[in-house]
Each structure stands twice: as structure tokens, then as C-alpha cells.
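1. The sequence and its predicted three-dimensional model are supplied below.
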Amino acid sequence: MKTYVVEGARVDSRAALFAEFGRAVNGPDGYFGRNLDALADCLRGGFGTPEGEPFRFLVTDYEWVKAALSEESWNGLLAVFEESGIELILEPSDTAS
């Protein structure tokens, strides 16, 4: 299954989150939505993800993303993935030294 990696440590704002989704799927300066509604549309396919094949997202250092978003935006992000049926894996920061 294709896994797109969103690097959470790169996210310091809502805009940076959408830029990071775009980078993960379509490379530097790539597009994959600029708000939650557009992200939901992109998750349906045809914006760089495989057509007719399963895919998922892995968010590394997800705490950075959660801290950069309002509670409403964070919950909205989780809801978009849940409603789309696309797996969202939230990987915590590696705190081991």
C-alpha cells in the first residue's frame, strides 16, 4: 500500500500543514488541498494519489501538527480522514536519546 509521509516537524501553521500534504503527495510546491474541504476532495483521488488503489498517510512527529492547529482544526483533520476512509497514522516524536 502506498504511504505518504507528512513530516510533522515541518508544520508550524495551518497553511504549513496543507503545504506539507502537498509536498508529501506531489513534491515541492505540490498541491493537495488548502483547507479541509479541499483536502477531503483530494482524498477521493485524482490529485496525485493512485487511482483505484489503497493509500494512507503517516504523520511523523504529529504533536507538532496538533500544536500548530486550533482544537477545531485538529478535530476537523481527524474527521476528514475518518469520513474519507483513508488511514491516517499518527506517529509520535522519537523522544528516546
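-> All right, it came through fine. Numbering: from 1, shown residues only.

2. What helix or strand is the residue sitting nearest the centre point of the chain located in?
-> By Cα atoms, centre = their mean, the chain has its centre lying nearest to residue 21, at 4.8 Å. Using DSSP states H and E, residue 21 falls within helix 14-26.

3. What residues of that helix count as buried?
-> 14, 17, 18, 19, 20, 21, 22, 23, 24, 25, 26 (16 or more other Cβ atoms under 10 Å). From N, CA and C alone the C-beta is placed, and that goes for glycine too.

4. Contact partners for the residue nearest to the centre of the chain?
-> Contact analysis of residue 21 by Cβ atoms under 8 Å, 6 or more residues apart in numbering lists 4, 6, 32, 33, 39, 42, 57.

5. Out of those residues, which is nearest to residue 80?
-> Closest approach between the contacts of residue 21 and residue 80, by Cβ to Cβ: residue 39, at 5.6 Å.

6. Roughly how far does the closest residue to the closest one other than its chain neighbours sit from residue 53?
-> Nearest residue to residue 39, sequence neighbours excluded (Cβ to Cβ, 6 or more residues apart in numbering): residue 33, at 3.5 Å. Shown here: residue 33 relative to residue 53, a distance of 20 Å by Cβ to Cβ, to the nearest Å.

7. who has more neighbours, the two?
-> residue 33 (19 against 9; other Cβ atoms under 10 Å).

8. Just the CA trace of the helix holding residue 21, in PDB.
-> What follows is helix 14-26, C-alpha atoms only, in PDB (Å, rounded to 0.1, in the frame of the first residue of the first chain):
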ATOM      1  CA  ARG A  14      -2.400  25.600   9.300                       C
ATOM      2  CA  ALA A  15      -1.100  26.700   5.900                       C
ATOM      3  CA  ALA A  16       2.200  24.800   6.500                       C
ATOM      4  CA  LEU A  17       0.100  21.700   7.100                       C
ATOM      5  CA  PHE A  18      -1.500  21.800   3.700                       C
ATOM      6  CA  ALA A  19       1.800  22.700   2.100                       C
ATOM      7  CA  GLU A  20       3.300  19.600   3.800                       C
ATOM      8  CA  PHE A  21       0.400  17.400   2.500                       C
ATOM      9  CA  GLY A  22       1.100  18.800  -1.000                       C
ATOM     10  CA  ARG A  23       4.800  18.100  -0.700                       C
ATOM     11  CA  ALA A  24       4.200  14.500   0.600                       C
ATOM     12  CA  VAL A  25       1.900  13.700  -2.400                       C
ATOM     13  CA  ASN A  26       3.100  15.800  -5.300                       C
END
